[in-house]
Structures are given as structure tokens and as C-alpha cells.
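Novice: Just to be clear, the model below is a prediction. Sequence and coordinates:
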Amino acid sequence: MTQLDFEFLQRALGQSEDSGKLEITLGALPPDLPVTLPNLPDLRVLGGIRTIAPRWSFDYGMTQQNDLSERRSWRVFLDTSAQAGAVLDGFLAQLSPLGWQSAHMRMLSQVFVEAEKTNWLGVQAEQLRSLDLQARTSAVTQVWLTIDDIEAPQVGHFLGHHPHFSQADFYQASLPTLILPAGWQAQMSQGHGGPVHSQHYLLRPAEATPDTLSELWPHLLPQLERQGWRMLHRELHQEEGLTVYRTPLGVGTLGLRRVGAELVAHIVHVTDGPDEGRSSSFTISSGA
């Protein structure tokens, strides 16, 4: 890479000489990438970026800045022949056993993810890092991976305990992320947040068959297990089914029911809520 190439990329990325150390790696992963990539078919690494910048603290809105330590950020750009949902499934299988959790900064993060368009936000509380994964399938699946060092107080926000709005004492039970088979569509119809977090969905298969429900369960159950939902009980029938789980924070259920050519899904996570203070809840409904 020529000096002109580097300066152009630096400017295009919004970096300046005093904003930190920038390293660009064409055709290779950036240095010290803190995660291992899953084994994806026909994986092609276009390049990566690592930024090392001072970690500042701000006091009462003043401009006083204290250089406490370094804050690092990594960006990776990939191509693969895997579908976007398979990319997310591969990353979750790799990251979940290492303590990465789904972030819930929004009131109602989507549980059911369509295979063709994927976006996952995760956090590692012990390492104080966030991970943003985006994948889009066209001729190939393009993958954008961003990992950032974060501050300890941000962990609660990422996990949905203290979202960035006026209810600072809000607590929200986490829900898993479930990738649907290719061609399936998901539409949330209702959700309730708080220590008892639930969501209702309409799921539309690419092609409805009498075995649609029985074919979906084997696709979803391993994903729940990988995310810490340990099955306690299940009743699976051709027209409906219910599964019950022990989770790290409480008890969860997932129910599926056939309604014509569609499926109605209802997922619930019941927790005790925070040890201190109050908790709030909300309900969102869709007329669709």
C-alpha cells in the first residue's frame, strides 16, 4: 500500500493523525483480533482495520480529559458462500461458550432472524468488549465484523439492564437469537419487556407442508442449547408444540402452533429481575 493509499483510507474512515494509531491489513486479519473466526465455506478475507486510541474520561460535561489507557477497535471484512443465517449460527456457536451474550440495547431485539439478512450485537462482560456482526447474502455473503473495547458501565446498557432512556432502573430479561431456515420470514406481532420478557411472532415458511412444524424444531433446538437454554420438558405434535428450559437466569419457554400456512411462535423468559431497585416493563403490539 502506498502512502497515498493509506492517507486516503485514513481520511475515508474519518481518522486523523491525533485520533489514534491506525493499521490497515489488505487480504489479512488485523493484528491481535480477539476472536477466532468460525470455519465458513469458501471464506475470503478482504482485509481488516485495527485502531488504537487513548481512552478518555469526561467529567460533568467539561473538557477535562484523562488518558487512562488505550481503547482498541477491530473491523474485519469477509466473503463466504454460506448463507447469512449460517454465518450468524457459526459465530454464535463459536462465541457463546466463551461468554459472549446477545446484547439488548433496544427494547425489543428480534429473536427470530431471517437467514438472508442478519445483524447480531453481542457483548463479553469479562473482557469488556462489544461485537457487531452484519451479513448480507447476494451472489456471495458479505460479512462485516466490528469489535470494540467498552467501559464497564456500558455492559449493563448492552445487556438491556439500563437502556439509554429516562428509566435508568429498567431491567430486561435476555432472549436468545434464533436463525430461521433459508426462505423463512418472521414478523413480530407483540412483545412485553421486563423481568418477564416475551415476544409473539408470525413465521412464514418458504413453502408450507404438513411437516413444516416438525421440520422447524430440529433447526431451533440446538441453537437454544448453545445459548444456555437447557431443556427440561417438551411436548411436540404435528400442529403445535411446547418446550420448557432452565436458563442461566431463570426459566424459558418456546411454543409453536400452526395457523393455516403460517406458524405462531411465543417465547418467554422469566427471571427474578435485579437484586436491588425497581424494574419496569412495557408492551408493544403490531396491528399486522
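Specialist: Right, received. Where do you want to start?
Novice: Assign a three-state SS to M188, would you?
Specialist: In terms of secondary structure, M188 is strand; the call rests on DSSP: H, G, I helix; E, B strand; the rest coil.
Novice: per-residue pLDDT, L98?
Specialist: Looking at L98, its pLDDT is 92.
Novice: Tell me how far the spatially closest residue to it that is not a sequence neighbour lies from P31.
Specialist: Excluding the flanking residues, the one nearest L98 by Cβ to Cβ, 6 or more residues apart in numbering is Q124, at 7.4 Å. (Glycine included, C-beta is placed from N, CA and C.) As judged by Cβ to Cβ, to the nearest Å, Q124 and P31 stand 19 Å apart.
Novice: what about these two, which has more around it?
Specialist: Q124 (20 against 12; other Cβ atoms under 10 Å).
Novice: Test of understanding: give the bridge partners of that one.
Specialist: For Q124, the beta-bridge partners under DSSP bridges are W100, R129.
Novice: okay but it is in contact with D149, surely?
Specialist: No - if you go by Cβ atoms under 8 Å, Q124 and D149 don't touch, sitting 10.4 Å apart.
Novice: Quick check: neighbours shared by these two?
Specialist: Listed as contacting both Q124 and D149 by Cβ atoms under 8 Å, 6 or more residues apart in numbering is no residue at all.
Novice: Where does G48 fall, secondary structure wise?
Specialist: strand 44-55 (DSSP states H and E).
Novice: brain fart, R234
Specialist: Using DSSP H and E, R234 falls in strand 230-236.
Novice: Note down every partner strand of that strand and its orientation.
Specialist: Partners of strand 230-236, by DSSP bridges, with direction: strand 240-246 (antiparallel).
Novice: Ignoring the adjacent residues along the chain, who's closest to Q223?
Specialist: Per Cβ to Cβ, 6+ apart, closest to Q223 is L178, 5.3 Å.
Novice: which residues does the one you found bridge with?
Specialist: Applying DSSP bridges, one finds that L178 bridges with F112.
Novice: Measure how buried it is and give me the count.
Specialist: Should you count by other Cβ under 10 Å, L178 turns out to have 25 residues around it.
Novice: F158 too?
Specialist: 22.
Novice: Would you mind measuring from it to S198?
Specialist: Taking Cβ to Cβ, one finds F158 at 21 Å from S198.
Novice: can you check G90 too?
Specialist: Counting by Cβ to Cβ, the gap from G90 to S198 is 28 Å.
Novice: Same question for A152.
Specialist: 30 Å.
Novice: more neighbours, these two?
Specialist: For A152 versus S198, the count of surrounding residues by other Cβ under 10 Å is larger for S198: 20 against 8.
Novice: thinking that one is in contact with T271, fair?
Specialist: No - using Cβ under 8 Å, S198 is not in contact with T271, being 11.9 Å away.
Novice: What ranges does the stretch 151-288 of the chain have for its helices?
Specialist: Applying DSSP state H, counting those that start in this stretch to the stretch 151-288 of the chain gives helices spanning 152-158, 212-226.
Novice: Of all the ones you listed, which one is nearest G85?
Specialist: helix 212-226 (9.9 Å; Cβ to Cβ).
Novice: List the buried residues in that closest one.
Specialist: The neighbour-count check on helix 212-226 (16 or more other Cβ atoms under 10 Å) flags 212-213, 216, 220-221, 223-224, 226 as buried.
Novice: still on that earlier bit, and the angle from the strand holding R234 to helix 212-226?
Specialist: Interaxial angle, strand 230-236 versus helix 212-226 (axes from the mean of the first three to the mean of the last three Cα atoms, to 10 degrees): 170 degrees.
Novice: average pLDDT across strand 230-236?
Specialist: On average, strand 230-236 scores 95.
Novice: same deal with stretch 3-10?
Specialist: Mean predicted confidence for stretch 3-10 is 74.
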